[in-house]
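J.: Have a look at this prediction, sequence included:
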Amino acid sequence: MKKLLMFCIGLAIAPYISAQDITDAVRYSMDEIQGTARFRAMGGAFGALGGDISSISINPAGSAIFNNSSASLSLGLFDKNQDISYFNNTNVSANSNVDLNQLGASFVFTNTNPNSKWRKFTLGAVYERVSDFDDDWVASGVNPNTSIVEYFYENAIGTRLDEISALPGETISRAYSEIGSIYGFSNQQAFLGYEAFIIDPVNDTDENTDYIRNINGTNFNQNYAYSSRGYNGKLGFNFATSYDDKFYFGLNLNTHFINFERTTILNESNSNAGSTVTNVDFENNLLTTGGGFSFQLGGIAKLTEEFRVGISYNSPTWYRISEETSQFLAVSRIDNGSNVNQSINPNVINVFPEFRLQTPGKLTGSLAYVFGKRGLLSFDYSVKDFSKTTFRPTSDAFFTSLNNTINDGLDSAISYRLGGEYRYKQLSFRGGYRFEESPYKDNTLFGDLTGYSAGLGYSFGDFNLDVAFSQSERDVSYQLYNIGLTDSALVQSKFTDIILTLGFRI
């Protein structure tokens, strides 16, 4: 009866109780722009150079370096190889896909007034793929201590039985839906565990808040499958101008879009004498969609004909995000000496209210030295404070707690990029290096990224063809669940990209 009495109140106070965590803050705050082949081959060090469509995404003043209107189209082959270590076992995964990662154009308008030092201005639009979420891997091993029962137990302990159980005659679907609406995500998890007999109440009364585990002992065979799809993209609209062909200023107005789908499936089995539940299959599905806005300001100065400096500011990105989740649970258990297979399929999609996310801004300083028509060297240095990531509304208690966790767990991260190019007639040789510091205070959770790149370009006059090869590595400690079964799989990733760009004057 209490659940019915609380229903109207619950609709008002529980909608934001969802499943966001610190990993979401990091995922949507990263900006791994693939860019053109020239951009990628030189490590993305274009903050003081300009003259490349993708340079606009680093410093919006870069488009004012163009002497002619230009456009480019880039396709990439993106390969990810991973070693996944979990307790006593290591698995290998490989994922590859081909995608359009860059498309853009910049139009140059020359000032015909000979008395004005404002020599030209440019208008442009650039699409860049910021992050790629396509991933598939499996972690498997024998966990000597912790079972999935701990996930359901930790969500249930201290919670009244009538807040995690169905009313007489109530269907699984209706009970799961109403419990989520009234009490939130955590109670739904306890409900699943209770209905599947993974946990049982100590006393079968509404007031009961203590529970017993029906999986016990040690050495649990666990197989955790992770699969995700999607991307984070950015469409930028650029305006830039030059003063006396020495000073360049630019502005970007960016619209962002997120599409992220993830499915995780845990299978756990045991043959322990103290366990009545011997097998668990637990599936979780997440769909995240959203859009956002940001702006960029930048400037480049030619201190001499050879030496250039640049500075740019990326504002925070202000997102509005919606999430949907669904779950499925199946168990095998022993009941009075017989094996019983049971499925708990609510067949319900939890649609959470839209929330807001503010990612951190970034400041970039750049240097470049141009050796006439023979080549160049460039260097970018950026700072981004991930601890400033904020979920809103901050008046919500859940988001306040999450923001405190972010502030405690994340930190400022530096990145630097070094690139070079040597030209011989129509042929260009390129190379680059990049380093990105972990956004976590504890970099064993999410490691630093190091990468190398090389490429070639050939100019045919009005159009050019460029190719780049890049490779980078990063280690991530992936925590299976944020409560109960909090053991982690070590995911050691090697990213290999091959990008082909066609650029032309327009």
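T.: Now that the structure is in, tell me what you want to look at. Numbering: from 1, shown residues only.
J.: residues contacting Ser294?
T.: Neighbouring residues of Ser294 by CB atoms under 8 Å, 6 or more residues apart in numbering: 254, 256, 314-318. Glycine gets a C-beta too; all of them are placed from N, C-alpha and C.
J.: cool, and Arg374?
T.: The contact partners of Arg374, by CB under 8 Å, 6+ apart, come to 422-423.
J.: How much space separates it from Tyr226?
T.: Between Arg374 and Tyr226 the computed distance is 48 Å (CB to CB, to the nearest Å).
J.: got it, and Val491?
T.: 9 Å.
J.: can you check Trp137 too?
T.: Trp137 sits 5 Å away from Tyr226, going by CB to CB.
J.: Which residues are in contact with each of those two?
T.: By CB under 8 Å, 6+ apart, no residue touches both Trp137 and Tyr226.
J.: Residues touching the host helix or strand of Asn187, excluding its own?
T.: For Asn187, the element it lies in under DSSP states H and E is helix 185-195. With contact meaning CB under 8 Å, 6+ apart, helix 185-195 is reached by 17-19, 149, 151-153, 155-156, 159, 161, 163-166, 172, 175-176, 179-180, 198-201, 211, 325, 327, 329, 344, 346, 350.
J.: Narrow those residues to those that are buried.
T.: By neighbour count, with 16 or more other CB atoms under 10 Å, the contacts of helix 185-195 hold 17-19, 149, 151-153, 155-156, 159, 161, 163-166, 172, 175-176, 179-180, 198-199, 201, 211, 325, 327, 329, 344, 346, 350 as buried.
J.: can you pull the contacts of Phe504?
T.: With CB under 8 Å, 6+ apart, Phe504 has these contacts: 70-72, 462-464.
J.: Spatially nearest residue to Thr394, not counting backbone neighbours?
T.: Leaving aside its chain neighbours, Thr394 sits nearest to Thr400 (6.0 Å; criterion: CB to CB, 6 or more residues apart in numbering).
J.: excluding its backbone neighbours, what's nearest Leu410?
T.: Using CB to CB, 6+ apart and skipping the chain neighbours, the partner closest in space to Leu410 is Phe386 (4.0 Å).
J.: was I right about that neighbour contacting Pro360?
T.: Yes. Counting by CB atoms under 8 Å, Phe386 does reach Pro360; the two are 5.6 Å apart.
J.: between those two, who's got more neighbours?
T.: Between Phe386 and Pro360, counting by other CB atoms under 10 Å, Phe386 is the more crowded of the two (25 against 22).
J.: Which residue ranges of the stretch 201-350 of the chain form strands?
T.: Applying DSSP state E, counting those that start in this stretch to the stretch 201-350 of the chain gives strands spanning 211-213, 220-243, 247-269, 277-302, 307-314, 318-335, 338-344, 350-358.
J.: Tell me the helices and strands packed up against the helix or strand hosting Ala175.
T.: Applying DSSP H and E as the criterion places Ala175 in helix 172-182. Helices and strands touching helix 172-182, by 3 or more CB pairs under 8 Å, 6 or more residues apart in numbering; DSSP states H and E, are helix 2-13, helix 185-195.
J.: Now that helix - C-alpha only, PDB.
T.: Below are the C-alpha coordinates for helix 172-182, written out as PDB (Å, rounded to 0.1, in the frame of the first residue of the first chain):
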ATOM      1  CA  ILE A 172       6.600  -7.900 -13.400                       C
ATOM      2  CA  SER A 173       6.400  -5.100 -16.000                       C
ATOM      3  CA  ARG A 174       4.100  -2.900 -14.000                       C
ATOM      4  CA  ALA A 175       6.000  -3.400 -10.700                       C
ATOM      5  CA  TYR A 176       9.400  -2.700 -12.300                       C
ATOM      6  CA  SER A 177       8.000   0.500 -14.000                       C
ATOM      7  CA  GLU A 178       6.300   1.900 -10.900                       C
ATOM      8  CA  ILE A 179       9.200   1.100  -8.600                       C
ATOM      9  CA  GLY A 180      11.500   3.000 -11.000                       C
ATOM     10  CA  SER A 181       9.100   6.000 -11.200                       C
ATOM     11  CA  ILE A 182       8.600   6.200  -7.500                       C
END
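J.: That helix: how far from the chain's middle?
T.: In terms of CA atoms, centre = their mean, to the nearest Å, the centre of helix 172-182 is found 30 Å from the chain centre.
J.: same question, stretch 257-271
T.: Distance, centroid of stretch 257-271 to centroid of chain: 16 Å (CA atoms, centre = their mean).
J.: In it, which residues are buried?
T.: Buried residues in stretch 257-271, counting neighbours by 16+ other CB under 10 Å, are found at 258, 260-268, 270.
J.: next one: stretch 400-416
T.: For stretch 400-416, burial by neighbour count (16+ other CB under 10 Å) applies to 402-403, 406, 409-411, 413, 415-416.
J.: what's the first-to-last distance across that stretch?
T.: This stretch, stretch 400-416, spans 33 Å end to end (CA to CA, to the nearest Å).
J.: For that stretch, give the mean pLDDT please.
T.: Averaging pLDDT along stretch 400-416 yields 95.
J.: Renumber starting at 41 from here on
T.: Will do, 41 is the new start, and the previous item becomes stretch 440-456.
J.: Touching, Asn447 and Thr430? I think so.
T.: No. The criterion here is CB under 8 Å, and Asn447 misses it with Thr430 at 9.2 Å.
J.: residues making contact with whichever helix or strand Tyr456 is part of?
T.: With secondary structure defined by DSSP H and E, Tyr456 is part of strand 452-464. Defining contact as CB under 8 Å, 6+ apart, one finds that strand 452-464 is touched by 78, 81-86, 413-427, 468-479.
J.: same thing but at 7 Å, please
T.: The contact list for strand 452-464, computed with CB atoms under 7 Å, 6 or more residues apart in numbering, reads 82-85, 413-426, 468-479.
J.: that older thread, can I get the buried residues of stretch 297-311 in CSV including pLDDT and distance to Ser493?
T.: As requested, the buried residues of stretch 297-311 are exported to CSV (pLDDT from 0 to 100; distance: CB to CB, whole Å):
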residue, pLDDT, distance to Ser493
Ile298, 96, 27
Phe300, 96, 27
Glu301, 97, 30
Arg302, 97, 29
Thr303, 98, 33
Thr304, 98, 33
Ile305, 98, 36
Leu306, 98, 37
Asn307, 98, 40
Glu308, 98, 42
Asn310, 96, 47
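J.: Let me have those in JSON lines, extended by distance to Tyr126.
T.: Shown next, in JSON lines, are the buried residues of stretch 297-311 (distance: CB to CB, whole Å):
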{"residue": "Ile298", "distance to Tyr126": "29"}
{"residue": "Phe300", "distance to Tyr126": "23"}
{"residue": "Glu301", "distance to Tyr126": "23"}
{"residue": "Arg302", "distance to Tyr126": "18"}
{"residue": "Thr303", "distance to Tyr126": "18"}
{"residue": "Thr304", "distance to Tyr126": "14"}
{"residue": "Ile305", "distance to Tyr126": "15"}
{"residue": "Leu306", "distance to Tyr126": "12"}
{"residue": "Asn307", "distance to Tyr126": "13"}
{"residue": "Glu308", "distance to Tyr126": "12"}
{"residue": "Asn310", "distance to Tyr126": "16"}
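J.: low-confidence ranges in the protein?
T.: Applying pLDDT under 70 to the chain flags the ranges 41-59.
J.: now the helices: where do they sit in the stretch 391-540 of the chain?
T.: In the stretch 391-540 of the chain, the segments counted as helices under DSSP state H, counting those that start in this stretch are 437-449.
J.: quick one, strands of it?
T.: Using DSSP E, counting those that start in this stretch, strands in the stretch 391-540 of the chain cover 402-411, 415-425, 430-432, 452-464, 467-476, 489-499, 503-519, 528-545.
J.: so where do the strands sit in the stretch 41-190 of the chain?
T.: Under the criterion DSSP E, counting those that start in this stretch, the stretch 41-190 of the chain carries strands at the ranges 110-126, 129-150, 158-172, 175-183.
J.: Mean neighbour count and distance to Asp527 added to those, as CSV?
T.: Shown next, in CSV, are the strands of the stretch 41-190 of the chain (neighbours: other CB atoms under 10 Å; distance: least, CB to CB, whole Å):
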stretch, mean neighbour count, distance to Asp527
strand 110-126, 20, 8
strand 129-150, 16, 13
strand 158-172, 20, 26
strand 175-183, 19, 6
